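> Here is my input, please return the structure:
(one chain, ligands or ions: 2)
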Amino acid sequence: MTVVALVPAAGRGTRLGLDVPKAFVALHGRSLLEWAVGGLFASGAVDDVVVMVPDELVDGARSLVPRARVVPGGAERTDSVRAGLAAAGRAELVLVHDAARPLTPPAMIARVVASLRGGATAVIPALPVADTVKRVTPDGAVVATVDRADLRAVQTPQGFAADALRAAYDAAPGELATDDAGLVERAGGTVVTVPGDPLAMKITTAFDLRVAQALAEEQR
Ligand code: CTP
Ligand code: MG
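Ligands and ions are numbered 1, 2, ... in the order given. Down below sits the predicted model:
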């Protein structure tokens, strides 16, 4: 079964606050986009990669990641994933992997694909939540302490039978989701988890980039 990975990289990186879109920010000498695409190919579990980038950076991205196909993304992450799905052709299995998770271990990517090959329809990497979690009112008063034993923080790549992901996106035309599996859940699909990895951390803020920089220097 053919596996195509879609890499949403069309965000602006507002919370990171640098003067280039986040996927084009350098980490230890290589852009986040190059790290993310490199990890996908290094897994040995992916046949083809499609990256979705801001319009004006399509040509620039092509020279950064020559093995990938590059298409323009959209205004919201869901629009970018839709653009990637349209370019994915006839892949049977699809991964969606944020460019903002550059240090994701190839072995974790392979785990997601192995679960799909084993028959799962939707697979997400997940980690236990370390912090105590509270539910609060809008002004910050505590309502309850949530039992964290049954909570997980989820990462990417998220893996799908292509038909199920396409159907979930078709069923929710205007829907915004930060998480592709969320759309599959809403469409009634079953989503399973595989162990995530702390190295698959998402770079959102300047602090995250500093952490990733230290990890990247130590790694390679
Ligand atoms: N993304 C995308 N298209 C969008 C918005 C986001 O492809 N219209 C991608 C980002 O490039 C990123 C991933 O989705 O790889 C996760 O999004 P996020 O971490 O929110 O990145 P940004 O949207 O770039 O950051 P911010 O929300 O701080 O602007
Ligand atoms: Mg965003």
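> Please verify my assumption that residue 103 contacts residue 200.
Yes - under the criterion of Cβ atoms under 8 Å, residue 103 makes contact with residue 200 at 7.0 Å. Just so you know, the C-beta spots here come from the backbone N, C-alpha and C atoms, and that holds for glycine as well.
> Just the buried positions in whichever strand or helix holds residue 165, please.
For residue 165, the host element (DSSP states H and E) is helix 162-171. Buried residues in helix 162-171, defined by neighbour count with 16 or more other Cβ atoms under 10 Å: 162, 164-169.
> Likewise for stretch 179-195?
179-184, 187, 189, 191-194.
> any chance of those residues in JSON lines, plus distance to ligand 1 and pLDDT?
Rendered in JSON lines, the data for the buried residues of stretch 179-195 read as follows (distance: Cβ to the nearest ligand atom, whole Å; pLDDT from 0 to 100):
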{"residue": "179", "distance to ligand 1": "10", "pLDDT": "88"}
{"residue": "180", "distance to ligand 1": "10", "pLDDT": "96"}
{"residue": "181", "distance to ligand 1": "14", "pLDDT": "97"}
{"residue": "182", "distance to ligand 1": "14", "pLDDT": "95"}
{"residue": "183", "distance to ligand 1": "14", "pLDDT": "95"}
{"residue": "184", "distance to ligand 1": "17", "pLDDT": "95"}
{"residue": "187", "distance to ligand 1": "21", "pLDDT": "91"}
{"residue": "189", "distance to ligand 1": "21", "pLDDT": "94"}
{"residue": "191", "distance to ligand 1": "19", "pLDDT": "98"}
{"residue": "192", "distance to ligand 1": "22", "pLDDT": "98"}
{"residue": "193", "distance to ligand 1": "20", "pLDDT": "98"}
{"residue": "194", "distance to ligand 1": "20", "pLDDT": "98"}
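> Show me which pair in those residues is furthest apart.
Farthest apart among these by Cβ to Cβ are 187 and 194. That separation is 20.8 Å.
> in the chain, what spans have low per-residue confidence?
220 (pLDDT under 70).
> change it to 80
For the chain, the stretches flagged by pLDDT under 80 are 174-178, 220.
> most remote residue from it's center?
Distance from the C-alpha centroid of the chain peaks at residue 141, with 32.8 Å (Cα atoms, centre = their mean).
> what sits up against stretch 20-35?
Stretch 20-35 has contacts (Cβ atoms under 8 Å, 6 or more residues apart in numbering) with 7, 9-13, 16, 18, 36, 38, 51, 53-54, 57, 60-61, 64-65, 99-100, 102-103, 203, 209, 212-213, 216-217, 220.
> Filter those residues down to just the ones in strands.
7, 51, 53 (DSSP state E).
> Now those residues in JSON lines, please, with extra columns for neighbour count and distance to residue 125.
Output for the ones in strands among the contacts of stretch 20-35, formatted as JSON lines (neighbours: other Cβ atoms under 10 Å; distance: Cβ to Cβ, whole Å):
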{"residue": "7", "neighbour count": "32", "distance to residue 125": "16"}
{"residue": "51", "neighbour count": "30", "distance to residue 125": "20"}
{"residue": "53", "neighbour count": "29", "distance to residue 125": "24"}
